[in-house]
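> Show me the folded form of this:
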Amino acid sequence: MDRRGLGESGDADEYALEREAEDVAALVESLDAPAVLFGHSYGALVSLEAALRTDTLRTLITYEPVFPVGDDELYSEELLAEMEALREEGEYERMLVLLLEDIVELPPAKLDALRSDPSWPDLVDGARTLYRETEAERAYEFDPARFAELTTPTVLLTGSESPGDLTNPTDELDRALPNSRIVTLEERGHDAIHTAPDLVIDEVLAVIRESH
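Okay, here's the model as predicted:
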């Protein structure tokens, strides 16, 4: 689905992660059969919150939701200030590159490869909402108790090459969820959904087949 402010979806003046989660839950509830819900990065965090708002999910699949763990600051004030300045200037591509370099820690060669990928223009267009999403991630307070009764079968995808800031939330979730397991994509990082989409699709389809 196109989330708020992306693709063909509309937007609102006031923004909150909770509204995004309600959007996803409403879509899931509108379907005729239990759904398999997949989300990546911020979308994974939205999917987690959506799973708490519906009981019609067959399976939940997340790929490295992002939120602070322990004393992890996640995003520095300096980084957020730079991102906000770029957003105000309409420099969405520079903002995307900043996030990929500083947070995802994408090596230059992989960044160059991603820039030449046909998906790059869509990524740049989607960067319009990056600043508010990073703010929401930074402010998110993960409470394990809220997920203690989320019995939906959950598969937590993660990349073996992703930095700790992006994999620690998956470990926290696995400890909190009563019906979860971690699947590691070897030699892949947070960007595998773009750099190795067939691999991610294969993993998602395998989960769907298992859930029947």
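> switch to C-alpha atoms for all contacts and neighbour counts from now on
Noted.
> Would you mind giving the secondary structure of V183?
Under DSSP: H, G, I helix; E, B strand; the rest coil, V183 falls in the strand class.
> Can you classify the closest residue to it other than its chain neighbours as helix, strand or coil?
In space, and not counting its chain neighbours, V183 is closest to L157: 4.9 Å by CA to CA, 6 or more residues apart in numbering. Here L157 takes the strand state, with states given by three-state DSSP.
> how far away is L157 from L173?
Taking CA to CA, to the nearest Å as the measure, L157 falls 11 Å from L173.
> swap in E22?
Taking CA to CA, one finds E22 at 20 Å from L173.
> which of the two has more neighbours?
Per other CA atoms under 10 Å, whichever of E22 and L173 has more neighbours is L173, with 22 against 19.
> Backbone dihedrals for the residue positioned nearest the centre of the chain, both of them.
For the chain, the residue nearest the mean C-alpha position is S41 (1.8 Å; CA atoms, centre = their mean). Note on S41: backbone dihedrals following degrees, to the nearest 10 are phi 60, psi -120.
> residues contacting it?
Applying CA atoms under 8 Å, 6 or more residues apart in numbering to S41 gives the contacts 62-66, 190.
> Of all pairs in those, which one spans the longest distance?
T62 and H190 (11.7 Å; CA to CA).
> Strands along this structure, start to end?
Assigned by DSSP state E, the strands in the chain fall at 35-40, 57-63, 154-159, 180-185.
> a markdown table please, covering those strands and showing distance to V46, mean neighbour count and mean pLDDT.
Formatted as a markdown table, the strands of the chain follow (distance: least, CA to CA, whole Å; neighbours: other CA atoms under 10 Å; pLDDT from 0 to 100):
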| stretch | distance to V46 | mean neighbour count | mean pLDDT |
| --- | --- | --- | --- |
| strand 35-40 | 8 | 18 | 96 |
| strand 57-63 | 10 | 22 | 97 |
| strand 154-159 | 14 | 23 | 97 |
| strand 180-185 | 17 | 17 | 97 |
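> Present those as JSON lines; the columns should include distance to Y92.
Below are these laid out as JSON lines (distance: least, CA to CA, whole Å):
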{"stretch": "strand 35-40", "distance to Y92": "20"}
{"stretch": "strand 57-63", "distance to Y92": "24"}
{"stretch": "strand 154-159", "distance to Y92": "26"}
{"stretch": "strand 180-185", "distance to Y92": "29"}
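> What sits closest to E20 if chain neighbours are left out?
Using CA to CA, 6+ apart and skipping the chain neighbours, the partner closest in space to E20 is V46 (6.4 Å).
> For that neighbour, give me its contacts.
Counting by CA under 8 Å, 6+ apart, V46 makes contact with 17-18, 20-21, 24, 39.
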